[in-house]
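In: okay, here's the prediction I keep looking at, along with the sequence it came from:
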Amino acid sequence: MRSILKLITSVFLALNLIGCVKKEVLDDISLIEGIGFDFIDKKNILGTAVIPVYLPDQPPKNNTFSTKAEISKSILQDIQRQAADPIVTGSLEVVLFSKTLTEKLGILPLVDAFQRDPSIGSDLYLAVVDGETKELLAGQYGIRGNATYISKLMEHNIRNEDLPKSNLELFLSDFYQEGKTPFIPQLKQIGKNKMKISGISLLKHGKMVDLIEPEEMFFFKLLVDKYSEGMHQVKIENGEAAVRSIHSSHNFELTKRNPAEVTIHIKVDGNIDEFTGQELTPKNVQELQQKFERDIRTECYSLIQRFQDKQIDPIGIGHFVKTQTRNFDFKDWRENQYKNLVVKIKSEVKITESGVIE
């Protein structure tokens with residue numbers, strides 16, 4: 001009997017609590033799905049929010065609202081004054097920053113506002129725009145709304161192409177982690193209804209200091225992430241192969257101390273999907289494999305040297321060395337050790353003979 005009374009009491013209390021929750025009807029609110037920030041001057045920025053309007057039997061219409069302000073919170077407040085319904089951020093998918101703003105002001109004050117908003121998920125995508133975010137958000141992309149198109153574009157390129165994993169949670173983790181430089185993708189509008197990923201922006205203290213070009217992205221991803229799918233072209237004297245279904249992994253090894261030496265082991269598995277030569281012989285397969293390994297060593301080492309020269313560390317070598325060193329001194333690492341660090345790349349590639357000969 002007591003258990004029945006407890007059950008009835010629990011249900012009664014739960015119903016009362018449900019009644020206390022603030023309710024929002026979707027038809028009575030406006031959902032921001034994307035927002036962009038452009039540089040005006042050292043004190044002011046332009047914020048643009050995209051709010052889809054869903055119509056029966058039609059693709060969503062992308063309504064944009066823009067306003068000038070000093071901080072992101074006042075931007076949202078001013079956009080509220082322009083909208084007919086209350087604006088909420090719970091469906092926010094992408095936040096964009098113009099390249100000029102990222103270089104001159106940095107993105108940290110703006111990102112801080114989003115990490116403090118409990119209605120925003122940590123899988124929110126951040127990106128730099130080569131151009132103006134207002135112009136990019138005003139385009140028409142696909143049939144699911146502009147913000148959804150951008151998030152799907154990045155999701156696809158993370159899963160199947162050369163873009164490393166990147167979102168709000170990972171950006172903040174890299175930023176607060178000593179010995180790691182954060183990075184986010186860069187987008188570029190190439191038509192009224194087209195855009196592309198044009199590189200990866202590297203940010204030091206929240207400001208953009210370098211860009212990984214599209215042709216470097218494959219090797220950058222080998223260093224900072226892993227492939228579950230992917231494709232890369234490998235050239236030899238007798239032809240060119242498209243190596244697809246690439247799977248990769250990497251790990252660090254502290255091979256020497258005083259001075260420090262780090263060896264990065266990179267393993268790649270893939271299938272030869274196409275070959276432009278006359279015959280794909282076992283010898284050609286071996287040559288392709290060896291050439292692929294040389295390309296990885298050369299390109300990855302070149303990237304690491306560039307990072308050392310610019311005193312940035314998107315690979316996280318500093319964080320790794322800290323985990324292997326007692327009483328690690330980050331100040332000495334930044335000022336002396338990192339720029340003189342010896343880094344070696346060891347690559348191992350396994351590819352199989354298959355596919356089409358053209």
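Out: The structure has been received and is ready for your questions. Since we're looking at a predicted model, the values are computed, not measured.
In: please list all residues in contact with the closest residue to Tyr125 other than its chain neighbours.
Out: Nearest residue to Tyr125, sequence neighbours excluded (CB to CB, 6 or more residues apart in numbering): Val94, at 4.7 Å. Heads up, the C-betas are built off the backbone N, CA and C, glycines and all. Contacts of Val94 were listed using CB atoms under 8 Å, 6 or more residues apart in numbering, and they are Glu33, Gly34, Ile35, Leu124, Tyr125, Leu126, Ala127, Ala147, Ile150, Ser151, Met154.
In: tell me how far the host helix or strand of Asp269 is from the chain's mean position?
Out: Asp269 belongs to strand 261-275 when assigned by DSSP states H and E. Offset of strand 261-275 from its chain centre (CA atoms, centre = their mean, to the nearest Å): 22 Å.
In: now do the buried residues in that strand.
Out: Val262, Ile264, Ile266, Lys267, Val268, Asp269, Gly270, Asn271, Ile272, Glu274, Phe275 (16 or more other CB atoms under 10 Å).
In: so the last one sits against Ile236, correct?
Out: Right, Phe275. No - taking CB atoms under 8 Å as the definition, Phe275 is not a contact partner of Ile236, at 9.7 Å.
In: can you give me the helices in the stretch 251-358 of the chain?
Out: Secondary structure of the stretch 251-358 of the chain (DSSP state H, counting those that start in this stretch): helices at 282-310, 317-323, 330-332, 338-340.
In: may I see those organised as JSON lines, with mean neighbour count added?
Out: Listed next are those as JSON lines, based on neighbours: other CB atoms under 10 Å:
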{"stretch": "helix 282-310", "mean neighbour count": "17"}
{"stretch": "helix 317-323", "mean neighbour count": "18"}
{"stretch": "helix 330-332", "mean neighbour count": "11"}
{"stretch": "helix 338-340", "mean neighbour count": "14"}
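In: okay, these in TSV with mean pLDDT and distance to Leu108 next?
Out: What follows is the helices of the stretch 251-358 of the chain, written out as TSV (pLDDT from 0 to 100; distance: least, CB to CB, whole Å):
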stretch	mean pLDDT	distance to Leu108
helix 282-310	96	19
helix 317-323	95	20
helix 330-332	91	20
helix 338-340	93	22
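In: returning to that earlier point: which neighbours do Phe275 and Ile236 have in common?
Out: Asn284.
In: tell me the average confidence for the one helix or strand Leu96 maps to?
Out: Secondary structure from DSSP H and E places Leu96 in strand 94-98. Strand 94-98 shows a mean pLDDT of 97.
In: could you point out the helix or strand that follows it?
Out: helix 99-104.
In: so which bits of whichever helix or strand comes after that following helix are buried?
Out: Where DSSP H and E defines the elements, the next helix or strand beyond helix 99-104 is helix 108-115. Within helix 108-115, the residues that count as buried by 16+ other CB under 10 Å are Leu110, Val111, Ala113, Phe114.
In: and the strands in the stretch 151-300 of the chain?
Out: In the stretch 151-300 of the chain, the strands defined using DSSP state E, counting those that start in this stretch lie at 183-191, 194-204, 207-212, 231-236, 239-256, 261-275.
In: any idea what the residue nearest to Tyr125 is bridged to?
Out: Gly34, Tyr125 (DSSP bridges).
In: quick check: angle from the strand holding Asp269 to strand 239-256?
Out: Orientation check (axes from the mean of the first three to the mean of the last three CA atoms, to 10 degrees): strand 261-275 against strand 239-256 gives 170 degrees.
In: strand partners (parallel or antiparallel) of strand 261-275?
Out: By DSSP bridges, strand 261-275 pairs with strand 239-256 (antiparallel), strand 342-352 (parallel), strand 356-357 (parallel).
In: and Tyr141, which of the ones you listed is closest to it?
Out: Between Tyr141 and these, the shortest separation by CB to CB is 26.9 Å, and it involves strand 239-256.
In: convert that closest one to PDB, retaining C-alpha atoms only.
Out: Only the C-alpha atoms of strand 239-256 are listed here, as PDB (Å, rounded to 0.1, in the frame of the first residue of the first chain):
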ATOM      1  CA  GLY A 239      50.900   6.800 -64.300                       C
ATOM      2  CA  GLU A 240      48.700   8.200 -61.600                       C
ATOM      3  CA  ALA A 241      46.600   6.300 -59.100                       C
ATOM      4  CA  ALA A 242      43.500   7.300 -57.200                       C
ATOM      5  CA  VAL A 243      43.900   5.800 -53.700                       C
ATOM      6  CA  ARG A 244      40.400   5.600 -52.100                       C
ATOM      7  CA  SER A 245      38.800   4.200 -49.000                       C
ATOM      8  CA  ILE A 246      41.800   5.600 -47.000                       C
ATOM      9  CA  HIS A 247      42.000   4.700 -43.400                       C
ATOM     10  CA  SER A 248      44.800   6.300 -41.300                       C
ATOM     11  CA  SER A 249      46.100   6.600 -37.800                       C
ATOM     12  CA  HIS A 250      49.000   8.500 -36.200                       C
ATOM     13  CA  ASN A 251      50.800   8.400 -32.900                       C
ATOM     14  CA  PHE A 252      53.700  10.300 -31.200                       C
ATOM     15  CA  GLU A 253      56.900   8.900 -29.700                       C
ATOM     16  CA  LEU A 254      59.300  10.800 -27.600                       C
ATOM     17  CA  THR A 255      62.500   9.300 -29.000                       C
ATOM     18  CA  LYS A 256      65.100  11.600 -27.300                       C
END
